[in-house]
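Enquirer: For reference, the sequence and a predicted model appear below.
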Amino acid sequence: MKRDSVSPTDLLQVARSGNRHAVGRLLSLVEKGGTIADEVAATTHPLSGDARIIGITGPPGSGKSTLVSQLLKVITQAGLKPAVIAVDPSSPLTGGAILGDRVRIDATDTGTFIRSIATRGHAGGLALGVPGGVRVLDAVGYDPIIIETVGVGQVEVDVTATADTTIVVANPGTGDAVQANKAGLLEVADIFVVNKSDLAGADDARRDLELMLDLSHMTGQEDPTGRRPPIVMANSLDGSGSIELWSAIVAHGNHLVSTGQIKGRRAARARAELHSRAADRLLAALDQTIDSPAGRAIVDALQNKDISPTEASDQLIRPILRQD
Ligand SMILES: Nc1nc2c(ncn2[C@@H]2O[C@H](COP(=O)(O)OP(=O)(O)O)[C@@H](O)[C@H]2O)c(=O)[nH]1
Ligand SMILES: [Mg+2]
């Protein structure tokens, strides 16, 4: 069979029957962007929406991948079938098995699916690639789906923030609590992990986070239900803390369901993806228009001071907004 002749619908069917190669190919199509990614989205959309999405974020080198590999053991032991999307460019992930540099998990053995997604170089970038990839994994039957991102950059924070449960990782002796606060991560955290708790200063790191949480409470940023994010201490080299972390994730999931907040989270996720998609299309239309003869005429008119900057941009977007 010719590689390009297989439709997303056929690929999805094969993927759902347990063929990991087909899962990888669907994810590649998503990364490619364009019409074929749109087709994959249309095909996987009706079969997705049920998987738990867990976002895990924190500075590069804080041990996210290592922590995830320990978490995967707990999750698979619980009889679940997890998948990981890593958008951390510092993690040397392949479609196969590498997570962290000391703790490795053989994905094929456990039925876990691990995949890295390029942060650059595909249409729509992270904001579209991640939801598209999550939808594929969800439609194939993976649950939960873990997204690992470095907690720098607004898009990464946004992607993480739309997970059902967002975990923020900090380390001892690094002032991570303060950094997390600055990056806006404190507000999106449902659970904190002080990873590398085997290192000196772990208790101080915990206290810093507690203090930050106290302060955010004072400024009124706390959960409307009064829930305070728990802080889990973890040593991902030996796996301690991973069972506690999974319990905290499950408890948070139950909290979302019992308070009805799950609906809001998922609506926010749908809204964020729709916003990215629409923005992407508007920008493409804008690029096309500004480089057309009519667009160049508007640029000329602006340069010649025939029209004001506002009038120029109005003229430019008018035909785009009128399209139906
Ligand atoms: N001492 C210690 N080192 C850790 C721990 N977790 C991860 N590491 C190490 O920290 C480094 C970065 O880990 P990695 O998982 O790749 O971090 P990531 O960039 O956040 O994904 C690696 O050398 C890990 O072995 C931990 O709990 N304690
Ligand atoms: Mg990593």
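Expert: Received it, and whenever you're ready, just let me know what you need. Since we're looking at a predicted model, the values are computed, not measured. Ligands and ions are numbered 1, 2, ... in the order given.
Enquirer: Next, the contact list for Ala234, please.
Expert: Ala234 makes contacts with 67, 70, 193-195, 197, 240-242, 244-245, as judged by Cβ atoms under 8 Å, 6 or more residues apart in numbering. Placement of C-beta: from N, CA and C, glycine included.
Enquirer: Pick out whichever of the residues you listed sits closest to ligand 1.
Expert: Ligand 1 lies nearest to Asn195 out of the contacts of Ala234, by Cβ to the nearest ligand atom, at 4.9 Å.
Enquirer: before we move on, back to that, out of the contacts of Ala234, what pair is the most spread apart?
Expert: Across the contacts of Ala234, the longest distance by Cβ to Cβ is 14.4 Å; it joins Gln70 and Val194.
Enquirer: ok so, going back, most neighbours, which of the contacts of Ala234?
Expert: The most crowded member of those is Val193, carrying 31 neighbours; neighbours defined as other Cβ atoms under 10 Å.
Enquirer: separation between that one and Glu148?
Expert: 12 Å (Cβ to Cβ, to the nearest Å).
Enquirer: circling back to that earlier point, can you redo the contacts of Ala234 as CSV with pLDDT, distance to Asp280 and secondary structure?
Expert: Output for these, formatted as CSV (pLDDT from 0 to 100; distance: Cβ to Cβ, whole Å; DSSP: H, G, I helix; E, B strand; the rest coil):
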residue, pLDDT, distance to Asp280, secondary structure
Leu67, 94, 32, helix
Gln70, 93, 36, helix
Val193, 96, 33, strand
Val194, 96, 37, strand
Asn195, 97, 35, strand
Ser197, 97, 41, coil
Ser240, 97, 43, strand
Gly241, 98, 39, coil
Ser242, 97, 37, helix
Glu244, 98, 40, helix
Leu245, 98, 35, helix
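Enquirer: Tally up the residues packed near the residue of the chain found nearest ligand 1, please.
Expert: Residue of the chain nearest ligand 1, by Cβ to the nearest ligand atom: Gly63 (2.9 Å). Number of residues near Gly63 (other Cβ under 10 Å) recorded here: 23.
Enquirer: any idea where the strands of the stretch 201-324 of the chain begin and end?
Expert: 231-234 (DSSP state E, counting those that start in this stretch).
Enquirer: Helices of that one, start to end?
Expert: 202-218, 242-259, 261-290, 293-303, 309-322 (DSSP state H, counting those that start in this stretch).
Enquirer: and Val6, which of those is closest to it?
Expert: Once the helices of the stretch 201-324 of the chain are compared by Cβ to Cβ, helix 261-290 is nearest, at 24.8 Å.
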